[in-house]
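Q: Predicted structure and sequence below. I'll ask about it afterward.
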Amino acid sequence: MQIVQKTNGRIMKRVLLSSALLLVSTLTFAQSKVSGTVKDANGEPLIGVSVMEVGTNNGAVTDINGNYTLNVKPGAKLKLSYIGFTSKTIKASGNSQIVLDEDNTALNEVVVVGYGTMRRKDVTSSITTVKAEDLNQGVFTDPGQMLQGKVPGLVVSSTADPNGSPTITLRGASTLRTGAMSPYYVVDGIPGVDISIVSPEDIESIDVLRDATATAIYGSKAANGVIIITTKKGAEEKTNVSYNGYVAFDNILKKYDVCTADDLRQYAKDNNITLKDGGANTDWQDEVLRTGISHNHNVNISGGNGSTNYMISADLRKREGVIKMTGFDRFNVRSLVSTKTLKDHLTVSLGANMMYGKHFGVPSGNEGASVLDAMNYYSPTNAIKNADGTWTVGSGSKNYNPLALMEENKSETVWKRNQFVGKTALELWKGFVWSVNYSWSNYQSTYSAYNTRNSQLEGIGNKNGQATRNTYFGREQTFETYLNYDFKVGKSKWGLMGGYSWEEKKNNDGFGLSVEGYYNDDLGWYNMSYAQTILGVQNSVQSGYLEKVRNISFYGRVNYSFDSRYMLQATIRRDGSSVFGKNNRWGTFPSVSAAWNITEEKFMQNQHIFDNLKLRAGYGISGNAMGFDVYSSYNTYGASGTFVYDGKTYRTYGATKNANPDLKWESTGMLNIGLDFAFLKGRLNGTVEVYHKKTKDLIWSYPVSTTQYIYSWMDANVGEMTNKGIEFTLNAVPVRTKNFMWSTTLNLSHNKNTVDKMQNETFHTTNLTQGDPMVAGVSADGWTQRIMEGEPIGTFYTYQYAGIVNGRSEYYVLDENGNRTGETTNNPSLKDRSITGCAQPKLNAGWNNTLTYKNWSLNAFITGVFGNDVYNSARAHYTAAQMFSDGKNVLKEFLSNPVGDASGSLPSDRYIEKGSYVRLQTLSLSYTFRNCFNDWIQDLTLYGTANNLFTITNYKGLDPEVNMGGIDPGIDYRWSRYPHTRTFMVGVKINFGGSKKKKATPQYIDREVIKEVPVIKEVVKEVPGKTTFVQSTYVVTFPVNSAEIGNTSELDGIKSGSNVEIVAYASPEGKSSVNQQLSQKRADAVAKYLQNKGVNVTRIIAKGADTNHANRIAIVTVK
């Protein structure tokens, strides 16, 4: 029986073997030879393209000329794949000419969203990503300035004040509370971080969440939009050291055209007016202003291995303002270490950040007590000092010598902030990740001021020196834990997320002291016990009381995608806060959005117009609890006066706020519809968005009856406001060749703001007056704007200027309906006011252009604002008749006004000017040297940048870019308006090679036997946030039968850190085995040379004799 079984087995094996041989010979006989050439859109051959017969493991790779040859079955189809290009499937033919299109990598870029990331292709919300290389360049102290003009709908009002911050609004104002309009910041996944702790040089990218479907996951803090900052992380391999440093020079853009001493003397003479003449001819603007010199030094060290990476960054910056004695010193340190363990299932990250800053300031109060004001109004006939060395003093009230203001009234603020962050992410199973984040930070601010014995300030000059010192502390904690589960079922892709958040903030724990009466000015605020009198002591020095806020949140998100065609997202967040009334401690903020990827539909597969066409729509609700008084819903009491009893003085206390148990957060609902499109193989792409944003429950303080309440005002949720608009973004690459590229981006946005409701049955007010620039000669009702129902914030409500009548300024008299009666008056009443302008622009624009030629790069960025009005309070003030009569200086425009025109400075449309402008905001030129020095310097970039080179505008003031934030936008406040500057900056960036890394042994592959696509794909591994791969070719020529590189010029152009593949071709002469050995030696020589330059050689494809490619090495780089 066993013999039979063995015999039958032998027979069966022989039958199977014979059948297999017959089948192989039949298939071989049926195969045909096909060939072709693969090129890109510019006609350049593509090397290393994978050409696979569909359904088999049979394949080939294109050679240096883009050619391939392959034996295939009749009727076969070929799939061509190449990194950075869109794969293509064709029918196999004898000699095909194939063009591969570049992949639209923008669709595959990673977008940071709340508590996770997504592919741009799957996003259903309105999110704009700005990479580090696309951020504004200049001397910036706040990351917000780096976004100006870069994001449609994001309005950034910059400031040249080294101690100031820009005001930022997104898609219009959504609140009436000053200081509560800014977006919410998230840094590296930690919400609510103070961005002063982030150095601009450490930023990798910024994602701006613009609609409520994107922001609702942050609930009660997201009504103004969310800005997510991602910082640089550690490198995957060797230690890298980089340095970026610059020096910058600031000069004022424009000076006020004030009178000289001779102008005033001639005016007084011509009009027979007595002038208090000090006999000097002083240019006070020149005395106060200077060229501000700033410098910045940033060092970044990063490195790691396959499981652990680290990064530490140190940033030292010093900035001088163009106003003498203003500026700051700041030092930031940021560190991060991250490691993977448990077979890469657990990731643990630890970070520590520190900021130390010292700010120097000068008096900037209103009504003359501002250096910014005094340098314009102080009489040029006055000398700087009298003959006895004392400061000159102006005649009349609040007429200060600007240099005396600076020298005799000094102040500084010292900021310290520390942050410690711990993160863990545990992959429980594939796609299911549990994350835990904890952040702890503390901060301290100390303000010190000293008014010397020679101070001219009213109320201080007679105190023989006054010192003030306040310090306060704060602490913040955030704990978050959430689960993410991503999985696929057939063509359906799901993403589930749910989490919990806890926050605690303690602010304003501090102490303050003011003293006066110094024997000399030697010690100032450093020894306050030296003073004779204590003026006041405070326990809490910032807002008058200790604050403690706690927030608890539960949140979740569901993402669904079917076949990459239909996407749906829903989020919900439930927030609880200790800030609001006991009846409204909790709020719910949901959102839902959907998208249709039209280009993925079958009916779009044969069209050749759109590369991408996606329609998005969504609605969500988010809240605003930003900048809130934590005791707004409580009864509060404070010191209200004193009384004397039995010869002793006692403090009295009274109510300062009414309780409102129904107080809750403002809520904003937003409908957003967007269309994403791309043409010309992704070289032309953009987005069109329309939105409607409705804010309800606006908080304001309303007058109430003291017969019903214990205080005369109460905070209540009453108002409503609407913003609606349209936004457009267009990105294009008009020109791209081997050595030259021009890329351009244009964004346009229009927003219309309307205050819909301000009162109800309980709380009443018809309007709110705003914007009093405190102009000379206007003793009462100097306000210029009114907030009222049916009109936008920033509506100017002034008199209508009629001109000069009998030497006096006259204004139109209006009837009850606001129409002109035909009469004029130089003493108008409030009923003669009407709407005379609007500060809200009709259009905001940003246009960026980048030109690159080989190692040169030129960037030009233009911004524009159109259709807005600006109130030029400087013109009103510095041309007022009272200024001259008070012995102060005036603008030259004043000289043509009637003498003694007392009514000329009243708030009217005379001083409302068109604020439209176009500005060349940035012009930057750089050149990069690559591998030109030694093994320790990978590349070096020299750059120069100019900011605010020119502005086209009809505005007569210093600068048309005024503050557009708050509830009084568009007013050019002279006393607090730090003058804008023109900046010239030169700098250098150096990337050092650091320590020599261990060279990886390249993988040798005989090009003839490459049959499987995975062999090609294994060279490039997708890295989160690094999905854009650029492929280019370099050719190196060798002498015949030699392995010595003849010319390294093209090799030196390969950037350090690049991943490369090498295809080696030997001489066709001689023995094949010898040629193969020579080919490998040549590949080794190139690999060694590149590795010494810091290039990663991932694979060598060694090719023997080839008559078409003799003595050559082809290098394919993947960046």
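A: Sure thing, it's come through.
Q: Asn65 touches Gly36, doesn't it?
A: No - Asn65 is beyond contact range of Gly36, at 11.4 Å (criterion: CB atoms under 8 Å). No exception for glycine: its C-beta is placed from N, CA and C like everyone else's.
Q: of those two, who's got more company?
A: Applying other CB atoms under 10 Å to Asn65 and Gly36 shows that Gly36 carries more neighbours, namely 23 against 15.
Q: Need the nearest residue in space to that one, chain neighbours excluded.
A: Spatial nearest neighbour of Gly36, chain neighbours left out: Ser96 (3.4 Å); criterion: CB to CB, 6 or more residues apart in numbering.
Q: Enumerate every residue touching the one you found.
A: Val34, Ser35, Gly36, Thr37, Leu78, Ile90 (CB atoms under 8 Å, 6 or more residues apart in numbering).
Q: Validate this expectation: it resides in a helix.
A: No - using DSSP: H, G, I helix; E, B strand; the rest coil, the assignment for Ser96 is strand, not a helix.
Q: Please indicate which of the contacts of Ser96 are buried?
A: Val34, Gly36, Thr37, Leu78 (16 or more other CB atoms under 10 Å).
Q: And the second one, how close does it get to Pro74?
A: As for Gly36, its distance to Pro74 is 17 Å (criterion: CB to CB, to the nearest Å).
Q: Leaving out sequence neighbours, find the closest residue to Gly618.
A: Using CB to CB, 6+ apart, the nearest residue to Gly618 is Ser593, at 2.7 Å.
Q: what distance separates stretch 189-200 from the centre of its chain?
A: Relative to its chain's centre, stretch 189-200 lies at 12 Å (CA atoms, centre = their mean, to the nearest Å).
Q: ugh, wrong one, stretch 970-987
A: For stretch 970-987, the distance to the chain centre is 19 Å (CA atoms, centre = their mean).
Q: Export that stretch to CSV, keeping only CA atoms.
A: C-alpha atoms of stretch 970-987 as CSV (Å, rounded to 0.1, in the frame of the first residue of the first chain):
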residue,chain,number,x,y,z
GLY,A,970,-11.1,103.7,12.7
ILE,A,971,-10.1,106.6,15.0
ASP,A,972,-6.5,107.9,14.8
TYR,A,973,-5.8,108.5,18.5
ARG,A,974,-2.8,110.8,18.5
TRP,A,975,-1.7,110.4,22.1
SER,A,976,-1.5,106.6,22.1
ARG,A,977,-0.7,106.0,18.4
TYR,A,978,2.8,104.8,18.3
PRO,A,979,4.1,105.9,14.8
HIS,A,980,4.5,103.2,12.2
THR,A,981,8.0,102.6,10.9
ARG,A,982,9.9,101.5,7.9
THR,A,983,12.2,98.7,8.7
PHE,A,984,15.3,97.4,7.0
MET,A,985,16.6,94.0,8.2
VAL,A,986,19.6,91.9,7.3
GLY,A,987,20.2,88.4,8.6
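Q: Going along the chain, name the strands of the stretch 501-650 of the chain.
A: 533-538, 547-562, 566-577, 586-597, 610-624, 636-645, 648-657 (DSSP state E, counting those that start in this stretch).
Q: looking at those strands, which one has the lowest mean pLDDT?
A: Ranked by mean pLDDT, the strands of the stretch 501-650 of the chain end with strand 533-538 at the bottom, a mean of 74.
Q: Glu273 contacts Arg265, doesn't it?
A: Careful, residue 273 is Ile and not Glu. No - here Ile273 does not reach Arg265: they are 10.3 Å apart, not a contact under CB under 8 Å.
Q: what about those two, which has more around it?
A: Neighbour count, other CB under 10 Å: between Ile273 and Arg265, Arg265 has more, with 16 against 13.
Q: Torsion angles phi and psi at the more buried one?
A: phi -60, psi -40 (degrees, to the nearest 10).
Q: State the distance from it to Ser81.
A: 84 Å.
Q: Out of the contacts of Ser96, which sit inside strands?
A: Val34, Ser35, Gly36, Thr37, Leu78, Ile90 (DSSP state E).
Q: Run through the bridge partners of Gln477.
A: On the basis of DSSP bridges, Gln477 is bridged to Trp440, Glu504.
Q: re the thing from before, want to throw the strands of the stretch 501-650 of the chain into TSV with distance to Gln708?
A: As requested, the strands of the stretch 501-650 of the chain are exported to TSV (distance: least, CB to CB, whole Å):
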stretch	distance to Gln708
strand 533-538	33
strand 547-562	28
strand 566-577	27
strand 586-597	28
strand 610-624	28
strand 636-645	18
strand 648-657	13
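Q: Ok, which of these comes nearest Ser857?
A: Nearest to Ser857, of all these, is strand 610-624, at 26.4 Å by CB to CB.
Q: Which two among the buried ones among the contacts of Ser96 are spaced furthest apart?
A: Thr37 and Leu78 (12.8 Å).
Q: ok, the buried ones among the contacts of Ser96 vs Ser349, which is closest?
A: Among these, and counting by CB to CB, the member closest to Ser349 is Leu78, at 45.0 Å.
Q: give me every residue that touches that closest one.
A: Leu78 touches Val34, Val51, Met52, Glu53, Val54, Leu70, Val72, Thr89, Ile90, Lys91, Ala92, Ser96, counting by CB under 8 Å, 6+ apart.
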